[in-house]
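Student: sharing a model prediction with you, sequence too.
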Amino acid sequence: MKLLEDGLLDIVDPVSNYLDCFKGGKEGILIWQLMAHSSGIIDEDNADFRNEYIKKLGLVRPEGHADAEVRDEFEKQLKSKLGLDTDASDGASYDCIFSKFTPTKQPGELMVYSNTGYYYLGKLIEKVSGMTINEYSRKVLFEPLGMVDSFYSLPKDRFHRVAGRNERCAEHEWINTEEHYTWPGAMGGLKTTVIDLCRFGDMILGGGTLDGVRILSPASVREMSTNHNAGMMYSSSWDSWGLGFNVRGTKKDDAGVLRSAASLEHGGMCGHKFLADPEYGVVISVFTGEYDPPGKNVFYPINNMIISALD
C-alpha cells in the first residue's frame, strides 16, 4: 500500500507486470488477489508440482532440516539442471520452477491462504523498491513508527534476545537456528516484539497515523480493512479477508467470538495472535512459546477475556 501511495504500482496491476515468473499462464493474477489470498495459487499444489519437477530432473530433494552442506549441494545440482549460473541465488531456482507452474484454480474463484502468494509479494516489493524487504520495511514502516525491535533479517547483536522454542513447539528445529533469524521471507520471516506489533496496530486504528507520524493514509487503511473476497464463485463467511488482514465478519474461530465484525486479525507460526479492533479501540498481541497441533493453544481464550473486560 505504501508503494501504491507513492505511485510506484497499483494493486489492480497484474503481478506479471513486475515478476517474470508470473508470465506464461498466470497473467490474470492481480496484486490485490495475492494480498487477499484469492489468486488461485494453492501452496500444496505448488509444492507437489515442484517436487515432481525435481524428481523428473533426477534429483532428490533433501529433508527440511538437512545439514547446510547437503542443501547447498542440492541447490548447486538443481541450478545446473535448470541451466542457471552457479552463483545465482537459491530463489532463482524456485522462481524458474514456479514459472512453469499453472494454478489449478482461477483468480477470484475461491479463497485459500497462500504463503506462496506472500512470498512473491515480498519479491514484488523488492523489485519495485530496489531494496530488500528488510531495508524497505525499516525505512517506510519500522523506523518511522518506532518499531525499534522489528526486522526481517535480524542483526547478530539481537540474537541473544530471541525467545527460543522447545520441542513441544511446531517447527522448533527451524525456529531456533541462526539461519531462521536472518531469513527474510515475506511469509513468516518477521522478527518482532509484542510492543512493536501493538504500535503497528495502534497506527492502523489511528487511520494510518500514530504519535503524529503518518505511515499510511486513512484511505489505504480503509481498503486494507475491507473484505475483498465477497462474491467469489465459491464463497463462505470464512473467506472474509482484507489486504493482509483476516476481517472477522461472522467467523466463529480461535481469534475470539466477542471481537467485532470489523476487527482485523492475523495468526503467526507456532502460536501467535494479533488483533486490532476498531469498534472496541483495542489492540491485542499474544506471543506464545508452545504450540502442539492439534492441541489447544493458550491464546484461544485471551481475546475474549480482554474484550469482555471492557466497559
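Tutor: Received the coordinates, thanks.
Student: which stretches of the chain form strands?
Tutor: For the chain, the strands defined by DSSP state E occupy 209-210, 213-214, 246-247, 264-268, 272-277, 282-287.
Student: who wins for proximity to Leu84 among these?
Tutor: Set against Leu84 and scored by CB to CB, the strands of the chain come closest in strand 264-268, at 32.8 Å. Quick note: C-beta positions are derived from backbone N, CA and C, even for glycine.
Student: each with direction, which strands does that closest one pair with?
Tutor: strand 246-247 (antiparallel), strand 272-277 (antiparallel) (DSSP bridges).
Student: now it: buried residues?
Tutor: 264-265, 267-268 (16 or more other CB atoms under 10 Å).
Student: likewise for stretch 134-149?
Tutor: 134, 136-138, 140-142, 145, 147, 149.
Student: export those to a markdown table and tack on distance to Ala66 and pLDDT?
Tutor: Output for the buried residues of stretch 134-149, formatted as a markdown table (distance: CB to CB, whole Å; pLDDT from 0 to 100):
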| residue | distance to Ala66 | pLDDT |
| --- | --- | --- |
| Asn134 | 26 | 96 |
| Tyr136 | 31 | 98 |
| Ser137 | 30 | 97 |
| Arg138 | 32 | 97 |
| Val140 | 36 | 97 |
| Leu141 | 34 | 98 |
| Phe142 | 33 | 98 |
| Leu145 | 38 | 98 |
| Met147 | 34 | 98 |
| Asp149 | 31 | 97 |
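Student: could you dump those into TSV with distance to Gly242 added?
Tutor: Putting those into TSV (distance: CB to CB, whole Å) gives the following:
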residue	distance to Gly242
Asn134	24
Tyr136	21
Ser137	19
Arg138	24
Val140	20
Leu141	17
Phe142	21
Leu145	19
Met147	21
Asp149	26
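Student: tell me which of these is nearest to Ala255?
Tutor: Met147 (22.2 Å).
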